[in-house]
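Enquirer: whatever this is, show me its structure:
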Amino acid sequence: MASQNTAKKEIEYFTVPPERYISTPTEVLTDDLLGSITKSKGSQEKESVLKLARLVDSISQFEFATIRRRINQNFLKLAAADSGRQVPARVGSAGPTEEELDEMEMTFMEDVWQLMQASHFRLLSKEDWETAQEEQFTFNSPVEVNWNYMDGELLHRFWASHEEERAGAASIADRVLVFHRGISTVRAEGQYINDKIDLLVQYLLVDPFQALYTRIFKRKARTTSFPDSCDALIS
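Expert: Reported below is the predicted structural model:
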């Protein structure tokens with residue numbers, strides 16, 4: 001006879017991804033580097049350390065200067081074309097064609113994607129979106145988005161060259177790109193009257209009823225007898 005304590009309670013596990021971004025100001029990093037080097041080398045190295053820090057900062061900014069400039073230029077041209085205004089162009093040159101505007105859109109999307117990745121932003125995944133809906137991290141006011149106002153083909157053309165990234169993205173990625181950076185703990189304070197009532201009903205009514213039902217069902221199963229032979233069934 002099996003023990004009644006063999007039933008194990010189910011334990012829910014969830015995975016917490018590691019922090020992918022640590023917000024540390026440049027001044028803090030420079031001060032720490034300056035303190036470490038001057039402590040071992042002496043204060044005479046202070047000016048050299050500051051020059052090195054400025055050089056590293058300039059190099060890191062220079063790597064994305066061209067991309068940021070191209071994003072600004074393409075955005076102004078695309079915004080002008082979408083609103084029906086004259087697209088900025090060089091003097092004496094004709095405006096961009098439809099094919100050139102389509103290519104400009106893809107370049108713009110690729111540049112934005114590259115900058116978001118370099119800044120340690122993560123695209124909203126399927127798991128992130130499901131968690132946001134389950135934990136009610138969405139708007140509780142009636143908000144309706146007019147998706148027809150947006151270009152429905154832009155992201156479809158963009159995902160055609162990023163099929164692997166699209167496979168793990170949320171369903172809304174076909175309409176809008178949502179990025180996030182960093183993970184924090186959700187904290188909330190309140191009386192939680194409804195939750196306390198539900199918990200009280202669970203403790204006083206649901207759990208005792210389930211325990212009583214299980215006990216009666218097991219007792220009936222033990223007291224029920226069956227014929228030991230086919231002769232008893234025939235007679």
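Enquirer: buried sites along the helix or strand hosting R215?
Expert: According to DSSP states H and E, R215 maps onto helix 207-223. Within helix 207-223, no residue is scored as buried using 16 or more other Cβ atoms under 10 Å. For glycine as for every other residue, the C-beta is placed from the backbone atoms N, C-alpha and C.
Enquirer: what are the ranges of the strands in the chain?
Expert: Per DSSP state E, the chain has strands spanning 122-123, 179-180. These are given in chain order.
Enquirer: how about those, which one is nearest L212?
Expert: Taking Cβ to Cβ, strand 179-180 is the member of the strands of the chain nearest to L212, at 47.5 Å.
Enquirer: average pLDDT across that closest one?
Expert: Across strand 179-180, the average pLDDT comes to 88.
Enquirer: most tightly surrounded among the strands of the chain?
Expert: strand 122-123 (a mean of 18; mean count of other Cβ atoms under 10 Å).
Enquirer: what helices or strands is it leaning on?
Expert: The contact analysis (3 or more Cβ pairs under 8 Å, 6 or more residues apart in numbering; DSSP states H and E) places strand 122-123 against strand 179-180.
Enquirer: so in that sheet, which strands flank the strand it packs on, and in what orientation?
Expert: strand 122-123 (antiparallel) (DSSP bridges).
Enquirer: contacts for the strand it pairs with, please.
Expert: Outside of strand 122-123, the residues within contact range by Cβ atoms under 8 Å, 6 or more residues apart in numbering are R20, M116, E165, A169, A173, L177, V178, F179, H180, R181.
Enquirer: if we use 6 Å, what do you get?
Expert: A169, F179, H180 (Cβ atoms under 6 Å, 6 or more residues apart in numbering).
Enquirer: any idea how far that strand is from the middle of the chain?
Expert: 6 Å (Cα atoms, centre = their mean, to the nearest Å).
Enquirer: let me know the average pLDDT across it.
Expert: 90.
Enquirer: and for stretch 75-93?
Expert: For stretch 75-93, the per-residue pLDDT averages 80.
Enquirer: now could you export just the CA positions of it as PDB?
Expert: Listed next in PDB are the C-alpha coordinates belonging to stretch 75-93 (Å, rounded to 0.1, in the frame of the first residue of the first chain):
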ATOM      1  CA  PHE A  75      15.400  60.000 -41.000                       C
ATOM      2  CA  LEU A  76      15.000  63.600 -42.200                       C
ATOM      3  CA  LYS A  77      14.800  62.400 -45.800                       C
ATOM      4  CA  LEU A  78      12.300  59.600 -45.000                       C
ATOM      5  CA  ALA A  79      10.200  61.900 -42.800                       C
ATOM      6  CA  ALA A  80      10.000  64.500 -45.600                       C
ATOM      7  CA  ALA A  81       9.100  61.900 -48.200                       C
ATOM      8  CA  ASP A  82       6.400  60.500 -46.000                       C
ATOM      9  CA  SER A  83       4.800  63.900 -45.300                       C
ATOM     10  CA  GLY A  84       4.900  64.900 -49.000                       C
ATOM     11  CA  ARG A  85       7.500  67.600 -48.500                       C
ATOM     12  CA  GLN A  86      10.500  68.000 -50.800                       C
ATOM     13  CA  VAL A  87      13.300  65.500 -49.800                       C
ATOM     14  CA  PRO A  88      16.500  67.300 -49.000                       C
ATOM     15  CA  ALA A  89      19.100  66.700 -51.800                       C
ATOM     16  CA  ARG A  90      22.100  68.400 -53.200                       C
ATOM     17  CA  VAL A  91      21.700  71.400 -55.400                       C
ATOM     18  CA  GLY A  92      21.000  70.500 -59.000                       C
ATOM     19  CA  SER A  93      20.300  66.800 -58.200                       C
END
